[in-house]
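Colleague: next comes the sequence, and after it the predicted model I'd like to discuss.
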Amino acid sequence: MGIMRMGYAHVRVTDLAEAKHHYASTMGLYETLDEGNRVYYKGWDEWDHHSVVLEEGGVGLVKFGFKVDKPEDIDEIEQKAATFGLTVERMSAGENPEVSDGIRFTTPSEHVFEVYHSQTVIGTEVGTHNPESFPRHLVGVGVPGLDHALILAEDVGTMQQMLTDVFGFYATERVQTTLDDDAHLIATWMTSNNQIHQLAVLEGPQGRLHHFAFKLGDWSDVGRAADLMSMDDVPIDIGPTRHGITRGQTVYFFDPSGNRNEVFAGGYLAYPDRPVSVWTPEAIGKGVFYHARELNERFMTVST
Ligand code: FE2
């Protein structure tokens, strides 16, 4: 099946101690490795070694890792990336702790993507034999795992083409200037499976991270997460609210370094034969924030 999911988000933080408090105590991620200047985390419902990496120094994205189904998928994606005109390098097992060999390339949007086929499996507290529904002693929000990300790109159309040709993604929703075939593409939400989006791309400065998101179960989880953010003085960008686009329920907030995070629940199941939902500029406020129906300045201007 090629790309299965976004396996890890590796981001920079200005102060690792503050960031550790946010991602471990408030979000409830499990620390799996501390290398001093880099710390590795997983959510309670993730089996692989890590899904979030924090690196001290600066802000914004270091790279994303995408996990494929089979080792031979790496060769196929390498070939497709080369055909697309990307410069691809091989990465060795262990360049990322507990991560297999794979490939690395810089996207047309100037983000670094890695593609790998396996990570050390460390499992979950509930296991696979007669598993309980969740671990009893979750910390803070207790996020189950990483969900998706939104990145910025000067040319959304080229990124959409790259994700289609190289990763086999398809678009579930788009924002474009008009309904015409030659309309200018402002944003696209893309996936390779039934997840409503694994990666979205919004028009903006190259190489920037808009946010990365953790999955939650439902509306009540989203509300509880927002309550915990207030308890811990986490700056909330907006929410709890719903997205018109994807129908997901959401809170946007910032980590102590200013990287935007999201908790995301719901969203409908996607299938490749589903027509793409198209949003046009007069409804973009409702598309992004379904209840407020207008964008806030911060959402459009703050990225890391
Ligand atoms: Fe999101």
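Modeller: Sure, I can see it. Numbers count the residues shown, from 1 in each chain.
Colleague: would you mind confirming that residue 219 is in contact with residue 251?
Modeller: No: the pair residue 219 / residue 251 is not scored as a contact, 11.1 Å apart, by C-beta atoms under 8 Å. C-beta here means a position set from N, CA and C on the backbone, and glycine is covered the same way.
Colleague: intersection of neighbour lists for these two?
Modeller: residue 240 (C-beta atoms under 8 Å, 6 or more residues apart in numbering).
Colleague: more crowded one of these two?
Modeller: Neighbours were counted for residue 219 and for residue 251 using other C-beta atoms under 10 Å; residue 251 has more, 24 against 13.
Colleague: which bits of the stretch 101-250 of the chain sit near the ion?
Modeller: The interface of the stretch 101-250 of the chain toward the ion, taken as C-beta under 5 Å from the ion, is made up of residue 213.
Colleague: try it again with 8 Å
Modeller: Taking C-beta under 8 Å from the ion, the part of the stretch 101-250 of the chain that reaches the ion is made up of 147-150, 197, 200, 210-213, 243, 246, 248, 250.
Colleague: run through the bridge partners of the residue of the stretch 1-150 of the chain found nearest the ion.
Modeller: Of the stretch 1-150 of the chain, the residue with the smallest distance to the ion, taken as C-beta to the ion, is residue 150 at 5.2 Å. In this structure, residue 150 has beta-bridge partners residue 200, residue 211, where bridges are defined by DSSP bridges.
Colleague: that one: neighbour count?
Modeller: 21.
Colleague: do you know how far it is from residue 266?
Modeller: Residue 150 sits 17 Å away from residue 266 when distances are taken as C-beta to C-beta, to the nearest Å.
Colleague: and residue 197, by the same measure?
Modeller: Applying C-beta to C-beta, one obtains 12 Å for the distance of residue 197 from residue 266.
Colleague: who has more neighbours, those two?
Modeller: In terms of neighbours (other C-beta under 10 Å), residue 197 is the more surrounded of residue 197 and residue 266; the figures are 26 against 19.
Colleague: burial count for the nearest residue to the more buried one once chain neighbours are set aside?
Modeller: Closest residue to residue 197 in three dimensions, ignoring its sequence neighbours and counting by C-beta to C-beta, 6 or more residues apart in numbering: residue 189, at 4.0 Å. Other residues lying near residue 189 total 27 when counted by other C-beta under 10 Å.
Colleague: check which helices and strands the host helix or strand of residue 189 sits against.
Modeller: Applying DSSP states H and E as the criterion places residue 189 in strand 185-191. Secondary structure elements in contact with strand 185-191, counted by 3 or more C-beta pairs under 8 Å, 6 or more residues apart in numbering; DSSP states H and E, are helix 156-165, strand 170-176, strand 199-203.
Colleague: by how many degrees do the longest one and strand 199-203 diverge?
Modeller: Between the axes of helix 156-165 and strand 199-203, defined by axes from the mean of the first three to the mean of the last three C-alpha atoms, to 10 degrees, the angle is 160 degrees.
Colleague: all strands of the stretch 1-150 of the chain, in order?
Modeller: Secondary structure of the stretch 1-150 of the chain (DSSP state E, counting those that start in this stretch): strands at 3-13, 30-34, 38-42, 52-56, 60-68, 88-91, 102-106, 112-116, 145-153.
Colleague: for residue 244, what are its contacts?
Modeller: Listed by C-beta under 8 Å, 6+ apart, the contact set of residue 244 reads 279, 283, 286-290.
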